[in-house]
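Undergrad: What would the 3D arrangement of this be:
(4 chains)
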Number of protein chains: 2
Amino acid sequence: MRVAELSRRSGVSVASIKYYLREGLLPPGELTSPNQAHYDEEHLRRLRLVRALLDVGGLTVAGARDVLATVDDEQVDLHHALGTAQDAVMARVQPVEDDASVRAEKVVADLVARRGWRVTENNAGRRAAVDVLATLDRLGGDQVVGLLDVYAEAMEAVGDREVAAVVDRDEREGSVERVVVGIVLGGALIAALRGMAEESASARRVGPGEQR
Amino acid sequence: MRVAELSRRSGVSVASIKYYLREGLLPPGELTSPNQAHYDEEHLRRLRLVRALLDVGGLTVAGARDVLATVDDEQVDLHHALGTAQDAVMARVQPVEDDASVRAEKVVADLVARRGWRVTENNAGRRAAVDVLATLDRLGGDQVVGLLDVYAEAMEAVGDREVAAVVDRDEREGSVERVVVGIVLGGALIAALRGMAEESASARRVGPGEQR
DNA sequence: CGACGCGGATAGTTCTACTCTCCGTTCATG
DNA sequence: CATGAACGGAGAGTAGAACTATCCGCGTCG
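TA: All right, here's what the predicted structure looks like:
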């Protein structure tokens, strides 16, 4: 197919497709002549993946490019792919170094030790956790910190099951893409389900028989 | 204090503070003369909250304004505040209506029924969940869907504990702000901890005795 | 054959979140 | 009391991100 059909089938404008081609999110089509190219089903799949990462996952175009480069890299292992996807999802602000962040680092280090987690110093999640806890410290409220172990418990179960779900498959057949999709869209799904669970719990407190 | 000190103590530029004042994120200072205003500790607290919502929570300025208007509203109840905060966090794309989204709606409805959740039709989390599942459907991979109940289980525990933590306090004394901070920063913290748990689980698979 | 669509390149647009400049006033310092 | 820095307020300007529009010369198809 040519670009017009790719556009029609994906719902993405031709102009945007050309932009993604320029930015390297989408591999170029197979040239049949110097100014005619041909796209296949794989391009359509990829284009849908791009839109999923941007729209649902909230990645930037640059972040999506990094992630997709990892997906295309034949010799990247799943552990490394996981790190790249996490880096793209956690849009980092460079953290300030004050005593709140020092305390937050200690809280995270204690948590890691308490749970026996194997997490490197520069894991994106770890840096993000320090950042959030330092911010909470600066805000002065202790409300969320009391739930830290609740969160950690829940995420440990989730992380174990996720990793198991990836490993319990025949090895390395689109599995990097599965990891990436799992991290990016899984995160969005978890946030959505948390919202539902919170509303549900809150509705029950308001009154068990109430309509709205 | 005047604006220069507010800037120095918060680390936010004077120009940005003026911008937040214009946008209604920060209430105006108390005017001591037509062109001199005085800010207090409350303004400093509020400014830090604004930066937390924007930087860590990833809210837009418009989203933060909506959330802060709820925080300032004396007669809003906690259940409604929860909804407003969720709306701001889930930056919505307007969903397309195709058969993938119809299937996704059914999956979500089944989940809600299976778990006995009380969730309204237009809960932000619910709409976001439909969106994610429809996107996964379009991508054709079933990988994440198999974890749906794992995620739901984890988030049910989290949501119950979070709501309990808010209710088990003396009523309505900055509690709307606590709810908002809990939802926005709690979400960031959960995402961060998931990243850590995933890396940890993945590292264990790679090899129990391995470095780096 | 001729109009429409193509790929490729470059320039322009829109939106967001600031940031800069200007104005007339006021405060702090000597 | 002079004067210069800082103030509040308003408007215009800017940077980056993600498109979007235009143009060009070539291909394809009716």
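
Undergrad: give me every residue that touches the residue nearest the centre of chain A.
TA: Taking C-alpha atoms, centre = their mean, the centroid of chain A lies closest to residue A:184, which sits 2.6 Å from it. For residue A:184, the contacting residues are A:52-53, A:56-57, A:59, A:67, A:85, A:88-89, by C-beta atoms under 8 Å, 6 or more residues apart in numbering or on different chains. For the C-beta atoms, the positions are set from N, CA and C on the backbone; glycine is no exception.

Undergrad: pLDDT score assigned to it?
TA: According to the prediction, residue A:184 has pLDDT 97.

Undergrad: And for residue A:94?
TA: Reported pLDDT for residue A:94: 82.

Undergrad: do the same with the one 4 residues further on
TA: Reading off the per-residue confidence, residue A:98 sits at a pLDDT of 92.

Undergrad: For the closest residue to it other than its chain neighbours, grab the count of nearby residues.
TA: Residue nearest to residue A:98 in three dimensions, not counting chain neighbours: residue A:134, with 7.6 Å by C-beta to C-beta, 6 or more residues apart in numbering or on different chains. Neighbourhood size, residue A:134 [other C-beta atoms under 10 Å in any protein chain shown]: 24.

Undergrad: For residue A:134, which residues are in contact?
TA: A:95-96, A:98, A:100-101, A:103-104.

Undergrad: show me the contacts for the nearest residue to the residue nearest to the centre of chain A once chain neighbours are set aside.
TA: In this structure, residue A:184 finds its nearest non-sequential neighbour in residue A:57, 3.7 Å apart by C-beta to C-beta, 6+ apart. By C-beta under 8 Å, 6+ apart, the contact list for residue A:57 reads A:89, A:184-185, A:187-188.

Undergrad: follow-up on the earlier one: surely the residue nearest to residue A:98 is within a helix?
TA: Yes. Counting by DSSP: H, G, I helix; E, B strand; the rest coil, residue A:134 is part of a helix.

Undergrad: My understanding was that residue A:200 contacts residue B:118; is that so?
TA: Yes. Residue A:200 lies in contact with residue B:118 (C-beta atoms under 8 Å); the separation is 4.7 Å.

Undergrad: So for the two, which residue has more residues nearby?
TA: residue A:200 (23 against 17).

Undergrad: coming back round to it: take the contacts of residue A:57 and lay them out in JSON lines including secondary structure.
TA: Shown next, in JSON lines, are these (three-state DSSP):
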{"residue": "A:89", "secondary structure": "helix"}
{"residue": "A:184", "secondary structure": "helix"}
{"residue": "A:185", "secondary structure": "helix"}
{"residue": "A:187", "secondary structure": "helix"}
{"residue": "A:188", "secondary structure": "helix"}
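
Undergrad: hmm, which two among these are most spread apart?
TA: Greatest spacing in the contacts of residue A:57, by C-beta to C-beta: A:89 and A:185 (10.2 Å).

Undergrad: Take the helix or strand of chain A with the lowest mean pLDDT, keep the C-alpha atoms, and write them as PDB.
TA: Lowest by mean pLDDT, DSSP states H and E among the helices and strands of chain A is strand A:30-33, with a mean of 92. Output of strand A:30-33 as PDB, limited to C-alpha atoms (Å, rounded to 0.1, in the frame of the first residue of the first chain):
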ATOM      1  CA  GLU A  30      10.300   0.000   0.300                       C
ATOM      2  CA  LEU A  31      11.200   2.200  -2.600                       C
ATOM      3  CA  THR A  32       9.800   0.900  -5.900                       C
ATOM      4  CA  SER A  33      11.200   3.900  -7.800                       C
END
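
Undergrad: What lies in contact with that strand?
TA: With contact meaning C-beta under 8 Å, 6+ apart, strand A:30-33 is reached by A:37-40.

Undergrad: Next secondary structure element downstream of that strand?
TA: Using DSSP states H and E, the helix or strand that directly follows strand A:30-33 along the chain is strand A:36-38.

Undergrad: and that following strand, is it in reach of DNA strand C?
TA: Yes. Judged by C-beta under 7 Å from any atom of the strand, strand A:36-38 and DNA strand C are in contact via A:36-37.

Undergrad: Which elements pack onto that strand?
TA: Judged by 3 or more C-beta pairs under 8 Å, 6 or more residues apart in numbering or on different chains; DSSP states H and E, the packing partners of strand A:36-38 are strand A:30-33.

Undergrad: How is chain A partitioned into domains?
TA: Using automatic domain parsing, the domain ranges for chain A come out as A:3-56, A:87-206.

Undergrad: Let's have the ones you listed in a markdown table, adding distance to DNA strand D.
TA: Formatted as a markdown table, these follow (distance: least, C-beta to the nearest atom of the strand, whole Å):
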| stretch | distance to DNA strand D |
| --- | --- |
| domain A:3-56 | 4 |
| domain A:87-206 | 10 |
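
Undergrad: Turn these into CSV, columns for distance to residue B:71.
TA: As requested, the domains of chain A are arranged in CSV below (distance: least, C-beta to C-beta, whole Å):
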stretch, distance to residue B:71
domain A:3-56, 28
domain A:87-206, 13
